[in-house]
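Engineer: Quick check, what structure comes out for this input:
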Amino acid sequence: MKNLFSFISKGSILLMAAVFVLLSGMLSSFANAATISFPAVSNLTSTGVTISYTVTDAILSNPSLCYGATAQTVTTNCVALPILDPGNPFATKAVLSGLEPDMSYYYQLILDKDVTGKEFVGLIYSFETFAVTAKPDLWVKDIIFTKNNSNYPTYTFGNFYITYCNKGGPDTSDGRIKYSLSYADEESIRGGPFTNTVVPAPGECIETPPTGTLNSFNLQNINSAEMVAKIDVDNIIDESNETNNDLSKTIVFEQEEDSPITISYPAVSNLTSTGVTISYTVTDAILSNPSL
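Structural biologist: Residues are numbered from 1 along each chain as shown. Next up is the predicted model:
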């Protein structure tokens, strides 16, 4: 019986040791497991795409990107990726080309090892290439007003900017587009049209240089104005939607209120039986021709 208890005791110790080793390995692996950022997709066209990642705790991991037409065939094509920023974390980027237009692709990042020496497989994501027939779709996103000199009254200084975007396909015309900004109550266009040689890439936006000031629009003495911005004024770009190239927006200007005139309490002096001197200090009333 003593030998039996001794055997059980030794067995328990061995079992506990095995469990401890297993748990230690699991905790160590969990603590040092690699992490992969959400992918940044850019330069998406009908035949190509750029996908960027940031990877932590996977130094010298030889990253590769695998992609396929379905989630089940995601490992059909794999390409080795460069490590752009050596260290921890590091950046890596895949530039894919030769893809089929108007098609969904699934992809995932695979690391041959993390800091524990184990392979690490990222989550599966997807993107869809543009159709060959996809046209640009320019639209005005916003009209922005900013004062440009806080040392002067804000109702006489300030700049207008236009933000416009392309939510369609790439532009292949190399056309020179124009944008303009106008005051809705006037027929003439004071802000432009200006020439801009850049059509935004698909999914991207551009903010124009200043398109005018309050002075140039004669708006320095009013509280607000309805402004109208237009993109592709001459209708050069063949777009999928030609009805969203303008935006009307009421801009409220930040005006400084006039300071009220203040008159000090009168100082009476030189009072006699036939005369007196009365003095005042007046603020915010320059050249006001005072009288008593």
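Engineer: correct me, but residue 280 touches residue 264?
Structural biologist: Yes - under the contact definition of CB atoms under 8 Å, residue 280 touches residue 264, with a separation of 5.6 Å. Heads up, the C-betas are built off the backbone N, CA and C, glycines and all.
Engineer: and residue 178, what pLDDT?
Structural biologist: What the model reports for residue 178 is a pLDDT of 86.
Engineer: List the beta-bridge partners for residue 64.
Structural biologist: In this structure, residue 64 has beta-bridge partners residue 80, residue 110, where bridges are defined by DSSP bridges.
Engineer: How much space separates it from residue 52?
Structural biologist: Separation of residue 64 from residue 52 (CB to CB, to the nearest Å) stands at 14 Å.
Engineer: Residue 270 too?
Structural biologist: 84 Å.
Engineer: Could you check which of those two is surrounded by more residues?
Structural biologist: In terms of neighbours (other CB atoms under 10 Å), residue 52 is the more surrounded of residue 270 and residue 52; the figures are 16 against 9.
Engineer: if I pick that one, what's in contact with it?
Structural biologist: Contacts of residue 52 were listed using CB atoms under 8 Å, 6 or more residues apart in numbering, and they are 39, 40, 42, 91, 92, 93, 94.
Engineer: Give me the subset of these that lies in strands.
Structural biologist: When DSSP state E is applied, the contacts of residue 52 are split such that 40, 42, 91, 92, 93, 94 fall in strands.
Engineer: just the CA coordinates of stretch 168-185, formatted as CSV?
Structural biologist: What follows is stretch 168-185, C-alpha atoms only, in CSV (Å, rounded to 0.1, in the frame of the first residue of the first chain):
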residue,chain,number,x,y,z
GLY,A,168,-15.6,56.3,-59.5
GLY,A,169,-12.9,54.7,-61.6
PRO,A,170,-9.6,56.2,-62.8
ASP,A,171,-9.4,59.0,-65.3
THR,A,172,-7.7,58.1,-68.6
SER,A,173,-8.4,61.3,-70.5
ASP,A,174,-5.6,63.4,-69.2
GLY,A,175,-8.1,66.3,-69.4
ARG,A,176,-7.5,69.6,-67.7
ILE,A,177,-10.4,70.2,-65.3
LYS,A,178,-11.6,73.5,-63.8
TYR,A,179,-13.3,74.3,-60.5
SER,A,180,-15.1,77.4,-59.4
LEU,A,181,-16.7,79.1,-56.4
SER,A,182,-19.4,81.7,-56.6
TYR,A,183,-21.7,83.6,-54.4
ALA,A,184,-25.3,82.4,-55.0
ASP,A,185,-26.8,85.9,-55.1
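Engineer: Closest one of the ones in strands among the contacts of residue 52 to residue 58?
Structural biologist: residue 92 (9.8 Å; CB to CB).
Engineer: hang on, isn't residue 103 packed against residue 131?
Structural biologist: No - with contact defined as CB under 8 Å, residue 103 does not count as touching residue 131 (9.2 Å).
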